[in-house]
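1. compute the structure for the input listed below.
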Amino acid sequence: MGDGKRVFITGGASGLGQALAMQYAGQGWRVLIGDLDLDRCADTSAKLRAMSPASAAVACDVTIEADLQATAAWLQQHWGGVDVVINNAGVAQMGGIDAVSEADWQWIVDINLFGVVRGCRVFTPMLRAQGGGQLVNIASMAGLVHMPQASAYNATKAAVVALSETLQLELEVDRIGVTVVCPAFFRTALAQNMRASDPKLEAITKRLVERARIGPEQIARQVFEGVQRGDTHILTHPEARHAWMLKRLLPYRIYLKLMRRQLANMQARMQRKASS
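-> Residues are numbered from 1 along each chain as shown. The predicted structure follows:
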């Protein structure tokens, strides 16, 4: 059980964030969620308190460092610090390189990348002062294996992987562990808030998410167990781990040939399902 341990989760009111919150609360942890959706915050925090009575929720926008600073102050005042910080809040953007506006690039970079940067910057001093802790950054398999028509999303998630791997070395001396999580498609609300330059591309992405075999609860369980083990990287899908291994070991031209074949097969399956 958690024995009173403390976790803070951004984007914790729905989707994977909510599943993570429920997972930790079920293990006896005190859970603080931060989110912009105050109605969902209230609903989720009520469920959390049924399992872990000390759990709570705060309004938190990861694009505003002052919100994260206020959250850190809350944790210090009410719980005396935090053991695990999960930088989970994120959004999706789909479209070709010439179709995605600069404004959309700025939007996704501000949330997916700088939201994680802000979380790491704000909480590192607290973790360092208390003698250690854990940062968990939610990236994506898109940060390791890059599909077309998703350059903005891929770039932000690749940057989160790079940031996390940098901090694994940088913060080791402070006894601060850093884990990066790279899930592939799973059932989540991410697609509901996505931006896409092409309605067909948006529809395909939503179908892939909605029909995924794995739900957020399974991802949350893998994350909890991986963080407990001290894993540096958590890749939740076996087929995604295989693709990443191929990319690392094969000559790149052969890897590209395999990926083109896989994409063609995926498009064919989607067309068959659309026509059936």
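2. could you chop this structure up by domain?
-> Domain assignment of the chain by automatic domain parsing yields the ranges 6-236, 238-276.
3. for those, which one ends up most surrounded?
-> domain 6-236 (a mean of 19; mean count of other CB atoms under 10 Å). From N, CA and C alone the C-beta is placed, and that goes for glycine too.
4. starting at the chain centroid, how far to it?
-> Its chain's C-alpha centre and that of domain 6-236 lie 4 Å apart, by CA atoms, centre = their mean, to the nearest Å.
5. any low-confidence regions in this structure?
-> Scanning the chain for pLDDT under 70 picks out the ranges 1-3, 186-194, 196-213, 266-276.
6. just the helices from it, written as ranges.
-> Applying DSSP state H to the chain gives helices spanning 15-26, 38-51, 65-79, 102-108, 114-129, 151-170, 199-210, 216-229, 238-249, 252-275.
7. out of those, which comes closest to Phe185?
-> Nearest to Phe185, of all the helices of the chain, is helix 199-210, at 5.1 Å by CB to CB.
8. the residue most central in space within the chain and Ile234, how far apart?
-> Geometric centre of the chain, nearest residue: Ile138, 2.6 Å, by CA atoms, centre = their mean. From Ile138 over to Ile234 the distance is 9 Å, taken as CB to CB, to the nearest Å.
9. okay, and the common contacts of those two?
-> Common contacts of Ile138 and Ile234 (CB atoms under 8 Å, 6 or more residues apart in numbering): Val181.
10. what residues are bridge-paired with the nearest residue to Asp231 once chain neighbours are set aside?
-> Nearest residue to Asp231, sequence neighbours excluded (CB to CB, 6 or more residues apart in numbering): Thr179, at 5.9 Å. Counting by DSSP bridges, Thr179 is bridged to Val136.
11. hmm, Ile234 and Thr179 touching each other?
-> Yes - taking contacts as CB atoms under 8 Å, Thr179 lies within contact range of Ile234: 6.3 Å.
12. what residues do the two have in common as contacts?
-> Counting by CB under 8 Å, 6+ apart, the residues touching both Thr179 and Ile234 are Gly226, Val227.
13. just to revisit the earlier point, now for the residue nearest to Asp231: which residues touch it?
-> Remark: with contacts taken as CB under 8 Å, 6+ apart, Thr179 is in contact with Gln134, Leu135, Val136, Asn137, Ser164, Gly226, Val227, Gly230, Asp231, Thr232, His233, Ile234.
14. how much space separates the closest residue to Gly119 other than its chain neighbours from Arg260?
-> Using CB to CB, 6+ apart and skipping the chain neighbours, the partner closest in space to Gly119 is Asn87 (3.9 Å). Using CB to CB, Asn87 is found at 33 Å from Arg260.
15. for Ser101, same thing?
-> From Ser101 to Arg260 the distance is 28 Å (CB to CB).
16. related to what we said a few turns ago, could I get the contacting residues of the residue nearest to the centre of the chain?
-> Leu16, Ile86, Asn87, Asn88, Gly90, Val160, Val181, Pro183.
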